[in-house]
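*Asks:* From the sequence below, what's the structure:
(2 chains)
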2 protein chains.
Amino acid sequence: MKKVAIGIDIGGTFTKFGIIDEQGNVLAESSMATYKHKSPDSFIKVLFAELAILRQPLEGQIKLIGIGIGAPNANAHKGTIEHAPNLNWKGIVPFTTLLSNYFPSIPIALTNDANAAALGEMIFGAAKGKTDFMVVTLGTGLGSGIVSNGKLLIGHDGFAGELGHVIVLANGRQCNCGRKGCLETYASAPGIRRTLMELMADTTYESPLREISFIKLSAKDITAQASIGDKLALAAFEKTGEILGAALANAVAFTSPEVIYLLGGVARSGDLLLIPTRKAFEENLLNLYKGKAQIQLSDFQDRNAAILGASSLVWTS
Amino acid sequence: MKKVAIGIDIGGTFTKFGIIDEQGNVLAESSMATYKHKSPDSFIKVLFAELAILRQPLEGQIKLIGIGIGAPNANAHKGTIEHAPNLNWKGIVPFTTLLSNYFPSIPIALTNDANAAALGEMIFGAAKGKTDFMVVTLGTGLGSGIVSNGKLLIGHDGFAGELGHVIVLANGRQCNCGRKGCLETYASAPGIRRTLMELMADTTYESPLREISFIKLSAKDITAQASIGDKLALAAFEKTGEILGAALANAVAFTSPEVIYLLGGVARSGDLLLIPTRKAFEENLLNLYKGKAQIQLSDFQDRNAAILGASSLVWTS
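*Replies:* Down below sits the predicted model:
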């Protein structure tokens, strides 16, 4: 019987989950829609059914040791998801307690999705052996996990590393958190879509993207157009990189990381985002840090750092 | 023979030093001008003479165990002061090596001045027993020391915690570091002086401060006028607090500290700065952190956290 963990990555749009062994091999994986579920109860009911389907072919070969979950606005101390602006579930959701009704004898741990990704990078990824780094996840929102002197920073209340909610422009774009100008309103999948709308207004670049409505437009569409030289789409990446790079240069001043790894859907656009982000990063970096701190794409673009990281909560507990 | 440490706090304007015992009692203290010395050699020569004068009355009663130094842009790993924009000494100064020529058999340790202050708060001050806090020093520059999970954050290169060089306004005020819009160009003694100049231009408030030249004006003058109700001086504190409070709200998103302690010359203005800073802090704080993170004045306003903190490098090494 092979010991395995279930790793679950709850995102604003999709939730991914997998069965993972101690070496970081993903034995089975699947996903489901998060946004459809207006309550955590209906979500967990479907999640349990999906996990049963996933485990079924492996029954008899595996022994489930624990469940690790990465989620937005997760309180690692309490196992709760609290006031997550990118989820439909408002207030404080006692997630691990709700899930343990379905898995009464299995240990369940929960942490911030980006913290889980940082653990994944440290244990199974590019950050192996590094003591000071940061992981920035660019998806429906912008999350971050900070490792300093070899330890994941948790903070006084369990909520360290909310880089997405650093205000980068006073009175800037309205954020789901209720404030204005947060980094994630610019650097995230919806952020780049908003930037594209702004550029449709400000420029006269012709583009087939002008034929797609705001609701139907995705970050993937913008990436696809940018990669064939669409000026409007390229300008959206330029602007996103400018804002993200400057914000990351500021971030270095806190914990002085060696590397900042970019991860998640928007990071899959590769050089389209990386080149303007690095340019703005270098331009805005304090002299003291020049040549020491760098931005890299995570090795995990095609594997799932978040579910691997979530599963590492089981192995390290 | 009482075991003692020498604690030295090198600031852009003045350098303070003292002889301190293991309980944090300052047995003797004095200060000298930093800015007069164009080279570290002449500075260290005078510092050695000053320390000899300070020790002389205690000779026979004390045994010097070590020297701890807090300095701007200090590299704790190497004992160097590197490219400090607020000092006259350019490039990389091998400070502990230079000083050890005068104290050949005494261990010498050096760290960032604000890191030293944070150690001082943790060992002798208000942060005793706290695991997650930040110290912000408001003097010639703005420094910060971050403690997370009970450990001082050092960073990959020894330079974590440069909050003063977070850019808070793109294309803002020219900073000594060569960039524009750094927090310390607004929130520091020179920062509040610059803000007062701006307000002299923007408003028509009458004030005796209008009779003082930029060069002669000090943050103390502004504090003195604000405390007797001078509208121009009060507006300068309002604006400084607005910018500082917003920047501290952003800072919470990195390490989620329980308390941010304000320290240093400008913090001695007390409520004049604290009230507008707290107001902007609360207005800009992510909901998640509300009621959890707070700003306080350091207990060390009248004692010297920096020399106590610097001395604590000796006791903890």
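*Asks:* Can you show me the strands along chain A?
*Replies:* For chain A, applying DSSP state E gives strands covering A:2-10, A:14-21, A:26-33, A:62-71, A:74-75, A:80-82, A:92-93, A:108-112, A:133-138, A:142-148, A:151-152, A:259-263, A:294-297.
*Asks:* now the third one and strand A:2-10, what's the angle there?
*Replies:* Computed by axes from the mean of the first three to the mean of the last three Cα atoms, to 10 degrees, the angle separating strand A:26-33 from strand A:2-10 equals 20 degrees.
*Asks:* List the contacts of strand A:26-33.
*Replies:* Applying Cβ atoms under 8 Å, 6 or more residues apart in numbering or on different chains, the contact partners of strand A:26-33 are A:2, A:4, A:13-21, A:46-47, A:50, A:53-55, A:57-58, A:62, A:303-304, A:307-308. Bear in mind the C-beta positions are built from the backbone N, C-alpha and C, glycine included.
*Asks:* Pipe the strands of chain A into TSV and attach mean pLDDT per row.
*Replies:* Converted to TSV, the strands of chain A look like this (pLDDT from 0 to 100):
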stretch	mean pLDDT
strand A:2-10	95
strand A:14-21	95
strand A:26-33	95
strand A:62-71	95
strand A:74-75	89
strand A:80-82	93
strand A:92-93	95
strand A:108-112	93
strand A:133-138	95
strand A:142-148	95
strand A:151-152	91
strand A:259-263	96
strand A:294-297	96
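*Asks:* Make CSV from those and add mean neighbour count to it.
*Replies:* CSV is the format used below for the strands of chain A (neighbours: other Cβ atoms under 10 Å in any protein chain shown):
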stretch, mean neighbour count
strand A:2-10, 24
strand A:14-21, 22
strand A:26-33, 15
strand A:62-71, 23
strand A:74-75, 25
strand A:80-82, 22
strand A:92-93, 19
strand A:108-112, 25
strand A:133-138, 30
strand A:142-148, 28
strand A:151-152, 17
strand A:259-263, 25
strand A:294-297, 18
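*Asks:* closest to B:Leu99 out of those strands?
*Replies:* strand A:142-148 (29.1 Å; Cβ to Cβ).
*Asks:* got the angle for the closest one vs strand A:108-112?
*Replies:* Using the same axes, to 10 degrees: strand A:142-148 against strand A:108-112 is 100 degrees.
*Asks:* For strand A:142-148, output the C-alpha coordinates as CSV.
*Replies:* Extracted in CSV, the C-alpha atoms of strand A:142-148 (Å, rounded to 0.1, in the frame of the first residue of the first chain):
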residue,chain,number,x,y,z
LEU,A,142,-2.9,37.6,-7.2
GLY,A,143,-1.5,35.6,-4.3
SER,A,144,1.9,35.4,-2.7
GLY,A,145,3.8,33.1,-0.4
ILE,A,146,7.0,34.4,1.2
VAL,A,147,9.8,32.2,2.5
SER,A,148,12.4,34.0,4.6
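*Asks:* Go ahead and confirm A:Ile8 touches A:Ala310.
*Replies:* Yes: taking contacts as Cβ atoms under 8 Å, A:Ile8 lies within contact range of A:Ala310: 5.7 Å.
*Asks:* Return every residue with contacts to both of those two.
*Replies:* Taking Cβ under 8 Å, 6+ apart as the criterion, A:Ile8 and A:Ala310 both touch A:Gly68, A:Ile69, A:Gly70.
*Asks:* Take these and lay them out in TSV including distance to chain B.
*Replies:* Putting the shared contacts of A:Ile8 and A:Ala310 into TSV (distance: Cβ to the nearest Cβ, whole Å) gives the following:
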residue	distance to chain B
A:Gly68	20
A:Ile69	18
A:Gly70	17
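*Asks:* related to what we said a few turns ago, want to try a markdown table for the strands of chain A, with distance to A:Leu163 as columns?
*Replies:* Below are the strands of chain A laid out as a markdown table (distance: least, Cβ to Cβ, whole Å):
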| stretch | distance to A:Leu163 |
| --- | --- |
| strand A:2-10 | 18 |
| strand A:14-21 | 22 |
| strand A:26-33 | 25 |
| strand A:62-71 | 16 |
| strand A:74-75 | 15 |
| strand A:80-82 | 17 |
| strand A:92-93 | 22 |
| strand A:108-112 | 11 |
| strand A:133-138 | 6 |
| strand A:142-148 | 4 |
| strand A:151-152 | 14 |
| strand A:259-263 | 10 |
| strand A:294-297 | 13 |
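*Asks:* Quick one, which of those strands gets closest to B:Ser218.
*Replies:* strand A:142-148 (37.1 Å).
*Asks:* Tell me which other helices or strands that closest one touches.
*Replies:* helix A:113-124, strand A:133-138, helix A:231-255 (3 or more Cβ pairs under 8 Å, 6 or more residues apart in numbering or on different chains; DSSP states H and E).
*Asks:* wait, A:Phe237 sits on A:Ala226?
*Replies:* Yes: taking contacts as Cβ under 8 Å, A:Phe237 lies within contact range of A:Ala226: 5.5 Å.
*Asks:* Common neighbours of these two, please.
*Replies:* Common contact partners of A:Phe237 and A:Ala226 (Cβ under 8 Å, 6+ apart): A:Ser269, A:Leu272.
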